[in-house]
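Novice: here is a sequence together with a model predicted from it:
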Amino acid sequence: AELEKGPYAHYMMKEMDEQPGAIRRLLAEYVDEDGRVSIPEDVRAAAREADRIYIVACGTSYHAGLVGKQLLESVAGIKAEAHVASEFLYNPPLLSERPLFVFISQSGETADSRGVLVRIRELGHKTLTITNVPGSTLSREADYTLHTFAGPEIAVASTKAYTTQIGVLAVFACDCARARGVEVAFDVARELSLAANAMEVVINEKEKMESLVWEYLSSSRNCFFIGRAMDYYICLEGALKLKEVSYIQAEGFAGGELKHGTIALIEEGTPVVAVSTQRAVKHSIRSNAQEVIARGANVCMISIEGLEEAGDALVLPKVHEALAPLIAAVPLQFFAYYAALYRGCDVDKPRNLAKSVTVE
Ligand code: G6P
């Protein structure tokens, strides 16, 4: 039944809708009898011994990796870096003494990621794969696997695999913190369950998101996404999603960086989606939005309850700030979907793209 579209016109829509359920499922899988999230003891031990975590992935999974890096550093106090797999071997970082490699891959079959895994194993380092397909190549060849439990993802553009990757990374970061005696200031099991509810609220606002696409994206050739801190990573993914399925040229920028060059492209009516879910940057992202408004941009401001201002296009229900990527990702996915529909694109099978790329 999971492979049927049912009443849906597209797998992408079905899979976006499945996200709250997928987060609840992964939570149920990772919660122990005491209601705390926990990962298998051998993975925990590997994370405890590591002095640095190297995340390696491609495409959307790399964008989840950026969020994961941030969570590992801010929640667990572990040094972490995220790398694009296809560059890793050519631009190799200097490795720490006791690295742990984390491969993130929906399919578990991506050749670029596997190339790094093979090399890292030759070097004798520990490897963990976070994947939606436990029997996959990357899962079999790594020392450890964490399953994302998203269920089969058929649409080429990744949606529920991405949000569940973030969910598992949050669980992983919190468990690593506990294993290292670092106190986590929030109950991740509870917050993930609240985030799932909040995602559902957003998903039920489809008409609103569809009308925003009409208002901001219907006649544009290009679009910019701006955000700061964690929101920056969400913008990279929002832009990728839009490009993949609607072919609108889109770029995600750190809020403060647009003015250092790309602002030259802003003209009357250029759509800019601005994301504000992080308290520390609530003023600075607003001033970045003002900078582009002053040059004629049509700014679609997406904020979260507590940081909203009058006139925001969409206000997301409140979730814990560390998990805000889970909810901020959702409207950007819907933007991509509706933009693709308006433009008559093949939503589930965009031109030139493959679900799983097994060549380097
Ligand atoms: C392909 C897909 C992308 C995906 C990337 C990584 O390019 O089209 O949607 O993000 O591969 O895939 P993976 O299965 O390793 O997560």
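Specialist: In hand now; what should we look at?
Novice: tell me, how many residues neighbour residue 263?
Specialist: The local packing of residue 263 (other C-beta atoms under 10 Å) involves 19 other residues. In short, each C-beta sits where N, CA and C put it, glycine included.
Novice: need the contact list for it.
Specialist: 291, 292, 295 (C-beta atoms under 8 Å, 6 or more residues apart in numbering).
Novice: confirm that it sits in a helix.
Specialist: Yes: membership of residue 263 in a helix is supported by DSSP: H, G, I helix; E, B strand; the rest coil.
Novice: any idea of the mean pLDDT for stretch 227-247?
Specialist: Stretch 227-247 comes out with an average pLDDT of 98.
Novice: burial measure for the closest residue to residue 79 other than its chain neighbours, as a count.
Specialist: The shortest distance from residue 79 to any non-neighbouring residue, by C-beta to C-beta, 6 or more residues apart in numbering, is to residue 52 (4.4 Å). Using other C-beta under 10 Å, residue 52 has 17 other residues around it.
Novice: give me the below-cutoff pLDDT ranges for this protein.
Specialist: 1-2 (pLDDT under 70).
Novice: near the ligand, which residues of it are found?
Specialist: 58-61, 105-107, 110, 113, 156, 158, 353-357 (C-beta under 6 Å from any ligand atom).
Novice: got a PyMOL select line for the buried ones in those residues?
Specialist: The PyMOL command for the buried members of the residues of the chain next to the ligand (criterion: 16 or more other C-beta atoms under 10 Å) is given here:
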select buried, resi 58+59+60+61+105+106+107+110+113+156+158+357
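Novice: my guess is residue 312 contacts residue 303. True?
Specialist: Yes: using C-beta atoms under 8 Å, residue 312 makes contact with residue 303 at a distance of 4.8 Å.
Novice: neighbour count winner among these two?
Specialist: Neighbours per residue, other C-beta under 10 Å: of residue 312 and residue 303, the larger number sits with residue 303, 22 against 17.
Novice: any buried residues in stretch 252-269, and which?
Specialist: Neighbour count says stretch 252-269 has 252, 253, 254, 255, 256, 258, 263, 266 buried, by 16+ other C-beta under 10 Å.
Novice: kindly apply the preceding question to stretch 186-205 instead.
Specialist: For stretch 186-205, by 16+ other C-beta under 10 Å, it's 188-189, 191-196, 198-200, 202-203, 205.
Novice: how about the contacts made by the closest residue to the ligand within the stretch 1-150 of the chain?
Specialist: At 2.7 Å from the ligand, residue 59 is the closest residue in the stretch 1-150 of the chain, using C-beta to the nearest ligand atom. When contacts are counted by C-beta under 8 Å, 6+ apart, residue 59 touches 158, 240.
Novice: would you list every one of the strands in the stretch 151-300 of the chain?
Specialist: 222-227, 249-254, 271-276, 298-304 (DSSP state E, counting those that start in this stretch).
Novice: got a markdown table for those strands, with distance to residue 43 too?
Specialist: As requested, the strands of the stretch 151-300 of the chain are exported to a markdown table (distance: least, C-beta to C-beta, whole Å):
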| stretch | distance to residue 43 |
| --- | --- |
| strand 222-227 | 31 |
| strand 249-254 | 31 |
| strand 271-276 | 32 |
| strand 298-304 | 31 |
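Novice: thinking again about what came up before, and the buried residues of stretch 252-269, which two are furthest apart?
Specialist: By the measure C-beta to C-beta, 254 and 266 form the most distant pair in the buried residues of stretch 252-269, at 15.8 Å.
Novice: residue contacts, the closest residue to the ligand within the stretch 151-300 of the chain?
Specialist: Closest approach of the stretch 151-300 of the chain to the ligand (C-beta to the nearest ligand atom) occurs at residue 158, with a separation of 4.3 Å. Contacts for residue 158 (C-beta under 8 Å, 6+ apart) come out as 59, 60, 61, 106.
Novice: tell me how many other residues crowd residue 343.
Specialist: The number of residues near residue 343, taken as other C-beta under 10 Å, comes to 14.
Novice: also the one 4 residues further on?
Specialist: When neighbours are defined as other C-beta under 10 Å, residue 347 has 24 of them.
Novice: in this structure it contacts residue 159, no?
Specialist: No: with contacts counted by C-beta under 8 Å, residue 347 stays clear of residue 159, the gap being 11.3 Å.
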